[in-house]
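Undergrad: structural data only, the sequence is not supplied:
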Ligand SMILES: O=C(O)[C@H](O)COP(=O)(O)O
Ligand SMILES: [Mn+2]
Ligand SMILES: [Mn+2]
């Protein structure tokens, strides 16, 4: 690939360019719901007035999602920021592969179905049970079940991972009602037996990421594979009992359940079965995939691995080639900013805490776990606790290391992710979100101070909104939805809002000024950083949002 050309207009700052990704920090529309505005943010307030300030898009087609009704998320956000272009993402590609039938004509689907039909075994579907379109879509599940029936699959078992994080926090029974009707229809002629077999809240079982808490995978494995766990006659019954036992429990935190019929579990996963993990997004799919694929596993007491045919919805890691089998090819993201900068000999430092470490490395480098030559990565271990109880998370420790990296003079490009605005935003606990955003602002302030001394430049933005939209709004009127005490009903999902894009050059050497880039999105941040580093961005990168020199 071609080398970056030096920028005649500006050769770069004396100090480093620092890209700050404030995860989940957007620009809200409703002041009572916008906890970024409600929080005390003296540094971001100052920057909005005195630095080069822009508002850019971080949702929908601007980040490769099917349409502008789709909220942004960390995977597509860090993909876009890291490669400077917009690639069609999992949600769109799977939808197209189903609509065109190409998924079902593929070798992997054919093999999965042939396996169960030849052995009269079961076809299992494990995945996130909503239409949030961040990790999965229930529409894909239903399309695959319809196709399975059309191709003679007699027995299918579904293992729903309950959402309430990318969709309203206690909305699961709406999906249960829809899916119960779907199953009633597909089973009506008595030719097949398709039913739910096990499940639980997505932040309680199965969907851990970045080795943050393998006990989640352990609990999921027990429920899905071993059919060990509290038994219920239906998913609805399980949810109602759990809610009765712990009023106010969020869907994402619901315990595991196993469905029983005539005194026995309806669907443990056993030798000869086929298993599809139908999430298309990789981060929270890699650990359960390892549990199904690895001969040996040390992260939890798995016991013997059933001899099944396992496939993921997509390839989850291009470098590791995981999973071995997958139904839809992911976006082939190439020529990332990290690769260009490495080829130009630019020393790079990437840091976050566990919860977003993979975002700022693996997703940032195009769904690849490999590191480029000039990159140094650092992970600060995250707390393992509900983040509403520790909203500052590791913002101080991350900032300590970033300031050290700036002062070291070792690196020309530093990138970091503060997870607070998103991870605490997902809890729906607004008091904690205020503290979380204030911790990010304090970190930004310290980075500004360090860059003043080092004559560096900061680019400060986000991958999507979350903390800026903390209350359920009436879809029609946009008004706040209030509970019977007049308090806003908490919202845990991301927002559709734009995010700030700030260029702070205390020494003024770049003469950075707002460029005329209508409809700019977070993909434009790559060319912006490359320009501020003193290089010409690659011709097919979306343009820099500042001009220099
Ligand atoms: O995985 C999650 O936590 C949410 O579904 C999406 O959050 P993220 O895209 O910010 O990681
Ligand atoms: Mn995010
Ligand atoms: Mn998130």
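TA: Yep, it's here. Predicted model, so just to flag it, every value in this text is computed and none were measured. Numbering: from 1, shown residues only. Ligands and ions are numbered 1, 2, ... in the order given.
Undergrad: count the residues that sit near residue 42.
TA: For residue 42, the neighbour count with other Cβ atoms under 10 Å is 12. Heads up, the C-betas are built off the backbone N, CA and C, glycines and all.
Undergrad: from ligand 2, how far out is it?
TA: Distance of residue 42 to ligand 2, given as Cβ to the ion, to the nearest Å: 24 Å.
Undergrad: that residue reaches residue 444, doesn't it?
TA: No. Using Cβ atoms under 8 Å, residue 42 is not in contact with residue 444, being 9.8 Å away.
Undergrad: near ligand 2, which residues of the protein?
TA: Taking Cβ under 5 Å from the ion as the contact definition, the chain meets ligand 2 at 23, 74, 422, 463.
Undergrad: determine which two of the residues you listed are furthest apart.
TA: 422 and 463 (8.0 Å; Cβ to Cβ).
Undergrad: which of those two has more neighbours?
TA: Between residue 422 and residue 463, residue 463 has the larger neighbour count (other Cβ under 10 Å), namely 35 against 31.
Undergrad: SS state for that one?
TA: Put simply, residue 463 is coil when judged by DSSP: H, G, I helix; E, B strand; the rest coil.
Undergrad: over to residue 161?
TA: strand.
Undergrad: burial count for it?
TA: Neighbours of residue 161 (other Cβ under 10 Å): 29.
Undergrad: these two touch, right, it and residue 205?
TA: Yes. Contact between residue 161 and residue 205 holds when scored by Cβ under 8 Å: they sit 6.9 Å apart.
Undergrad: shared neighbours of the two, which are they?
TA: Residues touching both residue 161 and residue 205 by Cβ atoms under 8 Å, 6 or more residues apart in numbering: 199, 220.
Undergrad: can you give me the buried ones in the helix ranked longest in the chain?
TA: With secondary structure taken from DSSP state H, the chain has its longest helix at helix 430-454. For helix 430-454, burial by neighbour count (16 or more other Cβ atoms under 10 Å) applies to 430, 432-448, 450-451, 454.
Undergrad: what residues does the stretch 251-400 of the chain have near ligand 1?
TA: Within the stretch 251-400 of the chain, the positions lying close to ligand 1 (Cβ under 6 Å from any ligand atom) are residue 284.
Undergrad: from residue 324, how far out is the residue of the stretch 251-400 of the chain found nearest ligand 1?
TA: Per Cβ to the nearest ligand atom, residue 284 is where the stretch 251-400 of the chain lies closest to ligand 1, at 5.6 Å. Remark: distance between residue 284 and residue 324 (Cβ to Cβ, to the nearest Å) = 19 Å.
Undergrad: returning to that earlier point: so how far is the longest helix of the chain off the chain centroid?
TA: Distance of helix 430-454 from the chain centroid (Cα atoms, centre = their mean, to the nearest Å) equals 23 Å.
Undergrad: stretch 390-405 too?
TA: Worked out by Cα atoms, centre = their mean, stretch 390-405 lies 21 Å from the chain centre.
Undergrad: please point out which parts of it sit buried.
TA: 390-395, 398-399, 401-403, 405.
Undergrad: now these in a markdown table, with secondary structure and distance to residue 347?
TA: Output for the buried residues of stretch 390-405, formatted as a markdown table (DSSP: H, G, I helix; E, B strand; the rest coil; distance: Cβ to Cβ, whole Å):
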| residue | secondary structure | distance to residue 347 |
| --- | --- | --- |
| 390 | coil | 33 |
| 391 | coil | 33 |
| 392 | coil | 29 |
| 393 | coil | 27 |
| 394 | coil | 24 |
| 395 | helix | 24 |
| 398 | helix | 19 |
| 399 | helix | 20 |
| 401 | helix | 15 |
| 402 | helix | 15 |
| 403 | helix | 17 |
| 405 | helix | 10 |
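Undergrad: residues near the residue in the stretch 251-400 of the chain that ligand 2 sits nearest to, how many?
TA: Proximity of the stretch 251-400 of the chain to ligand 2 (Cβ to the ion) peaks at residue 359, 6.5 Å away. Using other Cβ under 10 Å, residue 359 has 27 other residues around it.
Undergrad: more neighbours, residue 284 and residue 324?
TA: Using other Cβ under 10 Å, the more surrounded residue of residue 284 and residue 324 is residue 284, with 24 against 14.
Undergrad: not counting its neighbours along the chain, what's nearest the more buried one?
TA: Distances taken as Cβ to Cβ, 6 or more residues apart in numbering place residue 207 nearest to residue 284, at 4.0 Å, with adjacent residues excluded.
Undergrad: what sits against that neighbour?
TA: 128, 135, 161, 216, 220, 279, 284-285, 288.
Undergrad: hang on, the earlier thing: who touches the residue of the stretch 251-400 of the chain closest to ligand 1 in this structure?
TA: Shown in contact with residue 284 (Cβ under 8 Å, 6+ apart): 135, 202, 207-209.
Undergrad: residue 41 contacts residue 438, doesn't it?
TA: Yes. In this structure, residue 41 is within contact of residue 438 by Cβ under 8 Å, at 6.8 Å.
Undergrad: is it true that residue 72 lies in a helix?
TA: No. With three-state DSSP as the criterion, residue 72 is assigned coil and is not in a helix.
Undergrad: quick check: phi and psi on it?
TA: With angles defined as degrees, to the nearest 10, residue 72 sits at phi -70, psi 170.
Undergrad: now it. Nearest residue, chain neighbours left out?
TA: Nearest one to residue 72, counting by Cβ to Cβ, 6+ apart, is residue 464 at 3.0 Å.
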